[in-house]
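> here is a sequence together with a model predicted from it:
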Amino acid sequence: MSVHEWRCEALPSMSAVALYRMLKLRSEVFVVEQQCIYLDPDGLDEGAWHLQALDANGALLAYARLLAPEAAASHAQGSVAPTPSRAAAGRPGQPAARIGRVITAPSARGTGLGRQLMQQALAACERLWPGMAIELGAQAHLQDFYASFGFTAISDVYDEDGIPHIDMRRSVSG
């Protein structure tokens, strides 16, 4: 599957069509396919950067949400109930950007686009927040995938919406 264009933009500059496609893909996969009933628009999209891979017709093939360190810190403190297994996440005094809502459209899976998405996300984070560590909450079965990009586990496995997850961090040195 060929990517025609990569876009990384803040919400005010996104078109209504791009916003709709982003929310539709996130709902199709996270809510319907993975059967997780939760409110996807969580208040963080407005201050985030949105990385999108588009095909030649403008269809959204892959997406990731990038949060600045200050937004990521408030996310870690408020969006998920604290548990002992999540104690290492959002380590006080250790700011980090955050990559989240990582998704590849069902039609683009198995093409290597997920790897390209992560490479683009890491490059965008470095441009936006140079020298900053990066964190993410990975589905546990993808721990090795994220480890291949230099992420290491910083929590035990925990349940989020019925799916095992693990918090991971990529240090400044990568």
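Ah, there it is.

> now stretch 19-32: mean pLDDT?
Taken as a whole, stretch 19-32 carries a mean pLDDT of 93.

> and the longest helix for this structure?
Residue-count comparison of every helix in the chain, with assignments taken from DSSP state H, identifies helix 113-128 as the longest.

> mind checking how far that helix is from the chain centre?
Its chain's C-alpha centre and that of helix 113-128 lie 10 Å apart, by C-alpha atoms, centre = their mean, to the nearest Å.

> residues contacting the residue nearest the centre of the chain?
The C-alpha lying nearest the average C-alpha coordinate of the chain belongs to G100 (C-alpha atoms, centre = their mean; 1.7 Å). By C-beta atoms under 8 Å, 6 or more residues apart in numbering, the contact list for G100 reads A64, R65, L67, H75, L136, G137. Just so you know, the C-beta spots here come from the backbone N, C-alpha and C atoms, and that holds for glycine as well.

> now with 7 Å?
Shown here is G100, whose contacts under the criterion C-beta atoms under 7 Å, 6 or more residues apart in numbering are R65, L67, L136, G137.

> what's the answer for I163, then?
With contact taken as C-beta under 7 Å, 6+ apart, I163 is in contact with Q34, C36, Q139.

> chain neighbours aside, what residue packs nearest to W49?
Distances taken as C-beta to C-beta, 6 or more residues apart in numbering place L66 nearest to W49, at 4.2 Å, with adjacent residues excluded.

> ok so, going back, which elements pack onto the longest helix of the chain?
Other elements packing on helix 113-128 under the criterion 3 or more C-beta pairs under 7 Å, 6 or more residues apart in numbering; DSSP states H and E are strand 49-54, strand 60-67, strand 96-104.

> mind checking the ones you listed for the one nearest to R21?
Between R21 and the helices and strands packed on helix 113-128, the shortest gap by C-beta to C-beta is with strand 60-67, which sits at 4.4 Å.

> give me the angle between that closest one and helix 113-128.
40 degrees (axes from the mean of the first three to the mean of the last three C-alpha atoms, to 10 degrees).

> adjust the sequence numbering to begin at 31 for everything that follows.
Okay, residue one is now 31; in that scheme the one you just asked about reads as strand 90-97.

> who does strand 90-97 pair up with?
With DSSP bridges as the criterion, the sheet partners recorded for strand 90-97 are strand 79-84 (antiparallel), strand 126-134 (antiparallel).

> for it, output the C-alpha coordinates as CSV.
What follows is the C-alpha trace of strand 90-97 in CSV, where atoms were taken according to Å, rounded to 0.1, in the frame of the first residue of the first chain:
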residue,chain,number,x,y,z
LEU,A,90,-6.6,7.8,5.8
LEU,A,91,-4.3,4.7,5.9
ALA,A,92,-2.5,5.2,9.3
TYR,A,93,-2.6,7.7,12.2
ALA,A,94,-0.9,8.6,15.4
ARG,A,95,-1.6,11.3,18.0
LEU,A,96,1.5,13.1,19.4
LEU,A,97,1.3,14.9,22.7
